[in-house]
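[1] got a predicted model here, sequence first, then my questions.
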There are 4 protein chains.
Amino acid sequence: MALKTREDYLAALKQMRPNIYKFGELITDITTHPATRRTVESHAMCYDASNDPDLEKMYTTTSSFTGEKIHRWNSMMQEEGELISNMKLKRQNYRRSGTCTGGVCVGWNAQNVMWAVTHEIDAKCGTNYQERLKKWILHAEKNGLTVAGALTDAKGDRSLKPSQQADPDTNLHITQVREDGIVIRGVKAMICSTAASNEIFLLPGSIYGEADKDFALSCVVPRDIEGLTIVEATRPSDQRDLNESDLNETPNTGITQGWLLFKDVFVPNERVFMCKEFEFTSKVIGFFTANYRACIGACVAGQGDVMIGASMLMARANGLSAKVFMNKLVDMSINNQITFGLGAGALAVGSKHPSGSWFADPLTAHTNKVMVATLPYEVKRLTQEIGGGIVETGCMPSARDLENPEYGHMLRQALKAGACSGEARFKAARLAEWLTVGGGIPGCMHGGGSPDGAKLVVRFTTPMEEYAEYARKVMNIEEKIEEPAKPAKK
Amino acid sequence: MALKTREDYLAALKQMRPNIYKFGELITDITTHPATRRTVESHAMCYDASNDPDLEKMYTTTSSFTGEKIHRWNSMMQEEGELISNMKLKRQNYRRSGTCTGGVCVGWNAQNVMWAVTHEIDAKCGTNYQERLKKWILHAEKNGLTVAGALTDAKGDRSLKPSQQADPDTNLHITQVREDGIVIRGVKAMICSTAASNEIFLLPGSIYGEADKDFALSCVVPRDIEGLTIVEATRPSDQRDLNESDLNETPNTGITQGWLLFKDVFVPNERVFMCKEFEFTSKVIGFFTANYRACIGACVAGQGDVMIGASMLMARANGLSAKVFMNKLVDMSINNQITFGLGAGALAVGSKHPSGSWFADPLTAHTNKVMVATLPYEVKRLTQEIGGGIVETGCMPSARDLENPEYGHMLRQALKAGACSGEARFKAARLAEWLTVGGGIPGCMHGGGSPDGAKLVVRFTTPMEEYAEYARKVMNIEEKIEEPAKPAKK
Amino acid sequence: MALKTREDYLAALKQMRPNIYKFGELITDITTHPATRRTVESHAMCYDASNDPDLEKMYTTTSSFTGEKIHRWNSMMQEEGELISNMKLKRQNYRRSGTCTGGVCVGWNAQNVMWAVTHEIDAKCGTNYQERLKKWILHAEKNGLTVAGALTDAKGDRSLKPSQQADPDTNLHITQVREDGIVIRGVKAMICSTAASNEIFLLPGSIYGEADKDFALSCVVPRDIEGLTIVEATRPSDQRDLNESDLNETPNTGITQGWLLFKDVFVPNERVFMCKEFEFTSKVIGFFTANYRACIGACVAGQGDVMIGASMLMARANGLSAKVFMNKLVDMSINNQITFGLGAGALAVGSKHPSGSWFADPLTAHTNKVMVATLPYEVKRLTQEIGGGIVETGCMPSARDLENPEYGHMLRQALKAGACSGEARFKAARLAEWLTVGGGIPGCMHGGGSPDGAKLVVRFTTPMEEYAEYARKVMNIEEKIEEPAKPAKK
Amino acid sequence: MALKTREDYLAALKQMRPNIYKFGELITDITTHPATRRTVESHAMCYDASNDPDLEKMYTTTSSFTGEKIHRWNSMMQEEGELISNMKLKRQNYRRSGTCTGGVCVGWNAQNVMWAVTHEIDAKCGTNYQERLKKWILHAEKNGLTVAGALTDAKGDRSLKPSQQADPDTNLHITQVREDGIVIRGVKAMICSTAASNEIFLLPGSIYGEADKDFALSCVVPRDIEGLTIVEATRPSDQRDLNESDLNETPNTGITQGWLLFKDVFVPNERVFMCKEFEFTSKVIGFFTANYRACIGACVAGQGDVMIGASMLMARANGLSAKVFMNKLVDMSINNQITFGLGAGALAVGSKHPSGSWFADPLTAHTNKVMVATLPYEVKRLTQEIGGGIVETGCMPSARDLENPEYGHMLRQALKAGACSGEARFKAARLAEWLTVGGGIPGCMHGGGSPDGAKLVVRFTTPMEEYAEYARKVMNIEEKIEEPAKPAKK
């Protein structure tokens, strides 16, 4: 039976080798340490949902390989509808956890992308990558794995290619091709949810030419593989996660973004899906970003939904009706629905790859990325506007102050405003802060690449010259009006 | 054979009774009069496209009733894909004509909506409206009709219901139910493309209660039916359409929006699809606006595409490379793609009505309406920014001045700038003006209803309380935080 | 006595030589012809105001030369407060006329700018331009002149300098320097309000180097000087100005923008203030644009005020309370006040030139220009949103239709909605259209130069490197972080 | 001698009674404790500047009472220019400290406001408040005091007045009027920079009627007065301030916002400037907010300047030229200059109170507040866009990780990108984070009141009906068009 429970999931995580650090210290049990248990909880809730009659339809599906019921995040996505189901799962996950659960997102996308890319590599190069991948997918389905995905390299000097970097380890690369596998080395940066994942799906972080072919690699590794050290990045206010108090200042859910230090890690062949075939890196990036940037519309929508909710709680906790802010709440809902609907639209006008994988329309998907990097900022601004000063800059005393025997009572009194206790108002404010300037921010600006990159795609997928022709014809201008021959001096 | 040609179409229009006025005068031949021939041309181009090997796939389809090849705008829309095809046709129409072709849009939408509504009325009231409608659809398919649609009534005092108006004719209503049909009277306002249409599909303009049941009516009438007088509305700069000159100042294509004065018009039963069943008017409005506001994203995208093109022509006509404005052109493309993609997304997350009709998701569709009423204004602003002062306020002398024997030559010289003649620059500037502050503006603010109405739908389709609950759970706030009992005094 | 009346003003205009054309025909009496009488009326209202006890404080002042009471638009502006008075006059003018009165604006600005520039030229070149200018100012004060100003040349190919143009007449230039004056030739384009002016103040249209020194010229000419032909440009819907009807479709006020064709015009020395001193053209442009772009904030604010008013009329004419739209009206007011206040701020942080003239701070003034090219578009959008469909695209029948004996009555009935007649609603809608997509649009995008030009000034007046240093110091980063040595490849 | 040095200032602070808590613990030396020394440092830099030949003109002025040279923040502001000097000092302070220095801002504003209000109270009530105030001002000037100001009360239930609150201590109020002074009790919330201040100027937090007259109070108290406990609020990421590391993660400057718990504090009469004269609370609020909301434009501009700088550092630290992002940097500069220039404009069109104090124009000042609550969010968004992922969510390991002996070296290597060390890039990223989602955010949304409050002022200071009249006259509409008599049903 492919479906796993929260308990199965936690048990598997506990068995792994400790290789995750934060604040300079090794975390021995990531399921209980305050720096990592929150993202684990976010993912555990997905297993709960898979076994919940109300949610299972959203969180499970049938394997196209085995016909068995599986966790949806292990499935193939070969129809538009299957990707829209991906979006719905994501939005629901955000609503339930308030933040990003990358372990049921990036690996899933990677698997679908590499299904298409291995199809192409195999056809051109006579390799058997797709067969390897299929075996791994069956393994993932069977074990109901949570799989993080890693594209972004530490990059180094952005004006230089990977092979030109002073330190070659700035980007993950193949140092050795052995008969039984490859050895890889380098740094992947800002990788989401590895702490909560069983495995990590590695993809090339950019489009490479021949000089950089050592950087063209794709494979899957267990999170605790020998030679891999993970250092969790900081996030705004994340030291609050460590505070001990009866009055929690952050949710039980959360997000992590790790820096992955690979020191000569060996990956056996059956887990390698690209090995120096640099000509196909553009396909990886193209397919990955198209679907990622379509679906991420659901993430920011889902977090925006929680911001609407947090704003309503704050209005009421402040003693006002949420209706007072209805105009703003509606504007928030509109912003949320734009990224969700535009993502769905990118899928609806997408197309099917010969391998069976479905990919979003690039122009629409990258347009959505620009929105994803813009609209949530307005939703956050409105959350802060509705919430008041204690939300805007977290401007309340700490839980410890509220518990102080001398003056804590006066503070709790002073915090009480609407139809709830001062403590409930405190927590609602902390939630709004966490969502807008705190640890819950998912990284919609640069996650999956920058909006400037998206604009480049928009530029090159918009048929500009064709539009100039339409204009000329609409106005019956018989003359051609062409680009000036000489360089424009402006 | 269902497919018609431009010639068939024009011949049919010429046979109709003259009943269209503009500037106080009756137009005897709408296919040649400068006030109406432009919209006729826009629609004639659709017949061209149906018979053009490159475009026929977009403009034709197969009848689900007869299996015959038909003009797409006469077809049923029962799958998401069929509505996305509707969007693609619309975008292409705008690219080719620069403006709205309502005769291949509103009637089509109306037919699909009434297919669902008659299904419901028949089931509840034992009527046979759907059978009547089917017969009419077969007639429309067979004759390849262009069919305008009319919802908006003149309305009168917006604070009163139709039955409360001082003048009952402010809204179209049934004055008599006869055995063989109904008699209708009143005014429909701002109805697009009736001049270019064979028939007009009438729908109720709002949601009515029992007191207003006489206003609950739907039927189809020939454009030249006895008792119907059409007065074409003015549009910015439309008197230029009347100017005679070798150097045309407006495109050959165009748009009309007529005021329809019904004076006791008799409609036979076989063309009546709703007669006082007021309880179903909410369905008409709901279904119609959902699909309309999804699909209209394609219209503003298509017109925006032409604005990109016109901007490129202007840049070059001014002596500059279009690349100088690439940032702005990309922003325009993003704005266009948002409304297109969001419309497609509304369809993708839509649903199938028991009758077979497909309807867009209301929340997403109405979100799109708000964008449609916002983003094109920025695209226009950018068109004016790129085009320069002669675009912004049409700030050039007229064609007659350019032809003036005394000073015309000096003006034409002064207008020459880039790699084209002064006349070509003149025409490119007129196009940009026509698209942004001239006769080509389609009415994306209020067409199909106002954005404030759309926001109301957003408000009521957003599950606000559910979001408050998500927020409460994410933060583990055990207390309920409820609306204040007493009215908030702000 | 320096103050003139409306009658004095009109009499003076009537005496001038007819040299203004529109639609290919010479206008014999510009005070009565429908194409020009509207801008004349707008300016005549300034003379009314100068003689109106309620308004005279705003419209008149005391000559700094003679101590006499003069029309404010002939005065020197040597303190910030005098420029803020300029702004207040402009805003009031827009409120009263609905549009631009360039004859009490551009010449006034030009006079103040040239006061400073002649001061500099005289000091450097030993000329006596300032003395000439002073004499002319005394003449203008004494005769209460309305003085248009002309900078913008027809320009031609934007990638070439004036002297490189195929046709040298594309830009106004000196063809001959005689002992008693200069001869000029070429085209100034889009010059506001010349039809309503007694004289025209000519300034160089750009910054010129030595190769273009023939284009470096400044002088004042009577509007009807020999050799000058003016062709009025078209504006959206301006043919409606020509319609005869009892029910007027445009205001009695208005704007014109003429193309000025100079064919070997002789200007006597006493009216010449710059003759080939090209090194000072940058000063002209710098001073002129700084003050212009500060003060223009008042213009768009004043027109925006009328849009608020027109929106309120429309709401009520539609049968609704204006309060229904209070959020939008407040947003409109905010947008108006931004450009007004920011203009005033640019003056408040401006500085005094050694000549006595006061000039706005360039960074703030050009920032304002960007706002002036942006915010009014949103105000217009809101005007169209509040006004409804008959405002958006002028979508009503014409006055002639309303007067048609057959169906006019039905239309007037159908147009009646709120607490006023259908005709009053018609006129309110026409006003809203005229302000937003019609003839009343002043040209805030490109008037006084484009926003891209303003951004260039912002770029070069913002001390970017200084800001990088502040950032480094705030964070105690001891290392320098410098621009990469090699060209960035992005 | 009125001018004080950093040493004088620090010495004075050290002598005060410890009464400030954070994280539940009493801070014994606020000049050295990491939670408070940063704001002390920000203020100490003002004393440095007063004694710095390059900056003293900005930071000092001459007492209008004594003619002595004094710190500018103790001076009277009686001319527009003196308030613009206030703005320039604020902008410079932000550039030097990166954040808010409320101790040289709010008390200063309060003193000027109360100068006018005491003038009015004295005139009406025969009190001698202004004389008392003058004595205190002389004391403040002489001792070069840093003076925080406190308006905002904890408020409690926003739908109830202070006297209706369940807990009367939610708002600061007078509990006893004694012959020699008053006793006050209650909570002021989110009060900036008290930790760095010698004294605190108290003002009423809202407009009160007679029922709430006990809340109408103004006085000045030493920061360490008996009965006053201050609890510093948390801020995003402020626990990082406590981290010990060679590699600092936050600037040495900073901001605090305290909750002030007054438990029966006695204030002697000579420091009381309002005692229950509730009718004048509207004046306090009106004057205070007008000047505050004008001047705050300088604060957000100054912080925005540092964001421009931080963005340039990040671009370069990432290996790119800052020029790559010039469009965005220019947009940031425009946003900054809008709030600065609009604030200056509000002052420029302000007016002089009979007492001598100068106050900003309310309509313009409150318009600026709306901008201050909007534009910085876009500047922050751009900072995050330029900076990349390590800026957006602080997504880098901590300083401790960089110092970890096992993997720290690899991280520092991976962080190195452009022409600086990995550590310098780390610090630049931390700065950008601190400015945008970290502890440096000043609270421009709700500081000095909410934007919705500002919109109310805009609403009531905009002469809407007058604008409707202008519109009617422009279009020559003779009929009145009035509000509908009956309530609009929308």
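    Right, received. Where do you want to start? Residues are numbered from 1 along each chain as shown, chains lettered A, B, ... in the order given.

[2] what about the residue in the stretch 151-300 of chain A that chain B sits nearest to, neighbour count?
    Nearest residue of the stretch 151-300 of chain A to chain B: A:P251, at 5.1 Å (CB to the nearest CB). Every residue, glycine included, has its C-beta placed from N, CA and C. Residues lying near A:P251 (other CB atoms under 10 Å in any protein chain shown) number 26.

[3] got it, and A:E226?
    Applying other CB under 10 Å, I find that A:E226 has 12 neighbouring residues.

[4] for it, which non-adjacent residue is closest in space?
    A:V265 (6.8 Å; CB to CB, 6 or more residues apart in numbering or on different chains).

[5] and A:G205, by the same measure?
    Residue nearest to A:G205 in three dimensions, not counting chain neighbours: A:D153, with 4.0 Å by CB to CB, 6+ apart.

[6] show me where chain A has strands.
    For chain A, strands defined by DSSP state E occupy the ranges A:20-22, A:25-26, A:60-62, A:69-71, A:147-150, A:173-178, A:181-192, A:199-202, A:217-222, A:228-232, A:257-268, A:272-275, A:351-352, A:358-359.

[7] mean pLDDT added to those, as a markdown table?
    Shown next, in a markdown table, are these (pLDDT from 0 to 100):
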| stretch | mean pLDDT |
| --- | --- |
| strand A:20-22 | 98 |
| strand A:25-26 | 98 |
| strand A:60-62 | 98 |
| strand A:69-71 | 98 |
| strand A:147-150 | 98 |
| strand A:173-178 | 98 |
| strand A:181-192 | 97 |
| strand A:199-202 | 98 |
| strand A:217-222 | 98 |
| strand A:228-232 | 98 |
| strand A:257-268 | 97 |
| strand A:272-275 | 98 |
| strand A:351-352 | 98 |
| strand A:358-359 | 98 |
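
[8] and those as JSON lines, adding distance to C:I207?
    Putting the strands of chain A into JSON lines (distance: least, CB to CB, whole Å) gives the following:
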{"stretch": "strand A:20-22", "distance to C:I207": "58"}
{"stretch": "strand A:25-26", "distance to C:I207": "63"}
{"stretch": "strand A:60-62", "distance to C:I207": "67"}
{"stretch": "strand A:69-71", "distance to C:I207": "67"}
{"stretch": "strand A:147-150", "distance to C:I207": "53"}
{"stretch": "strand A:173-178", "distance to C:I207": "53"}
{"stretch": "strand A:181-192", "distance to C:I207": "47"}
{"stretch": "strand A:199-202", "distance to C:I207": "56"}
{"stretch": "strand A:217-222", "distance to C:I207": "55"}
{"stretch": "strand A:228-232", "distance to C:I207": "55"}
{"stretch": "strand A:257-268", "distance to C:I207": "51"}
{"stretch": "strand A:272-275", "distance to C:I207": "56"}
{"stretch": "strand A:351-352", "distance to C:I207": "52"}
{"stretch": "strand A:358-359", "distance to C:I207": "51"}
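
[9] around chain D, pick out the residues from the stretch 51-200 of chain A.
    Residues of the stretch 51-200 of chain A that fall close to chain D, judged by CB under 8 Å from any CB of the partner chain: A:152, A:154-160, A:166-167, A:169-170, A:187, A:189-190.

[10] go again using 7 Å as the cut-off
    Residues of the stretch 51-200 of chain A lying close to chain D (CB under 7 Å from any CB of the partner chain) are A:154-160, A:167, A:169-170, A:187, A:189-190.

[11] list the contacts of the residue of the stretch 151-300 of chain A closest to chain B.
    By CB atoms under 7 Å, 6 or more residues apart in numbering or on different chains, the contact set of A:P251 is A:98, A:431, A:434, B:474-476.

[12] give me the buried subset of the residues you listed.
    For these, a burial check counting by 16 or more other CB atoms under 10 Å in any protein chain shown picks out A:98, A:431, A:434, B:474-475.

[13] what's the closest of those residues to D:S50?
    Nearest to D:S50 among the buried ones among the contacts of A:P251, counting by CB to CB, is A:W434 at 40.5 Å.

[14] buried residues, stretch A:161-176. List them.
    By neighbour count with 16+ other CB under 10 Å, stretch A:161-176 contains the buried residues A:161-163, A:165, A:167-174.

[15] so which of those comes closest to C:V306?
    C:V306 lies nearest to A:K161 out of the buried residues of stretch A:161-176, by CB to CB, at 58.6 Å.

[16] how close does the closest residue in space to A:L10 that isn't next to it in sequence sit to A:N143?
    Spatially, and ignoring its direct neighbours in sequence, A:L10 is nearest to A:T31 (5.4 Å; CB to CB, 6+ apart). Taking CB to CB, to the nearest Å as the criterion, A:T31 is separated from A:N143 by 18 Å.

[17] also A:L435?
    According to CB to CB, A:L435 and A:N143 sit 33 Å apart.

[18] ok, these two, which is more surrounded?
    Neighbours were tallied for A:L435 and for A:N143 using other CB under 10 Å; the higher tally belongs to A:L435 (32 against 16).

[19] quick check: residues of the stretch 151-300 of chain A near chain B?
    Contacts of the stretch 151-300 of chain A with chain B, taken as CB under 7 Å from any CB, map to A:248, A:251-253.

[20] tell me the centre residue of chain A?
    Centroid-nearest residue in chain A, with CA atoms, centre = their mean: A:G102, separated by 4.8 Å.

[21] thinking again about what came up before, so which of the residues of the stretch 151-300 of chain A next to chain B comes closest to C:L202?
    Among these, A:P251 lies closest to C:L202 (CB to CB), at 68.9 Å.

[22] how far away is that closest one from B:P451?
    For A:P251, the distance to B:P451 (CB to CB) stands at 35 Å.

[23] again with A:K134
    50 Å.

[24] now swap in A:L347 and tell me
    Per CB to CB, A:L347 is found 26 Å from B:P451.

[25] just A:Y47 next, same as before
    43 Å.

[26] returning to that earlier point: quick one, which of A:K134 and B:P451 is more surrounded?
    In this view A:K134 and B:P451 are compared by other CB under 10 Å, and B:P451 has more residues nearby, 21 against 15.

[27] in TSV, list the buried ones among the contacts of A:P251 along with pLDDT.
    Shown next, in TSV, are the buried ones among the contacts of A:P251 (pLDDT from 0 to 100):
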residue	pLDDT
A:G98	97
A:L431	97
A:W434	96
B:V474	95
B:M475	95
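
[28] restricted to helices, list these.
    Judged by DSSP state H, the subset of the buried ones among the contacts of A:P251 located in helices is A:431, A:434, B:474.

[29] ramachandran angles for A:N318?
    Phi and psi for A:N318, reported as degrees, to the nearest 10, are phi -80, psi 0.

[30] and the residue nearest to A:I441 when sequence neighbours are not counted, what is it in contact with?
    Excluding the flanking residues, the one nearest A:I441 by CB to CB, 6+ apart is D:T393, at 5.2 Å. When contacts are counted by CB under 7 Å, 6+ apart, D:T393 is found next to A:235-236, A:257, A:441, A:443.

[31] nearest to chain C among those?
    Distance to chain C, by CB to the nearest CB, is smallest for A:P236 among the contacts of D:T393, at 16.7 Å.
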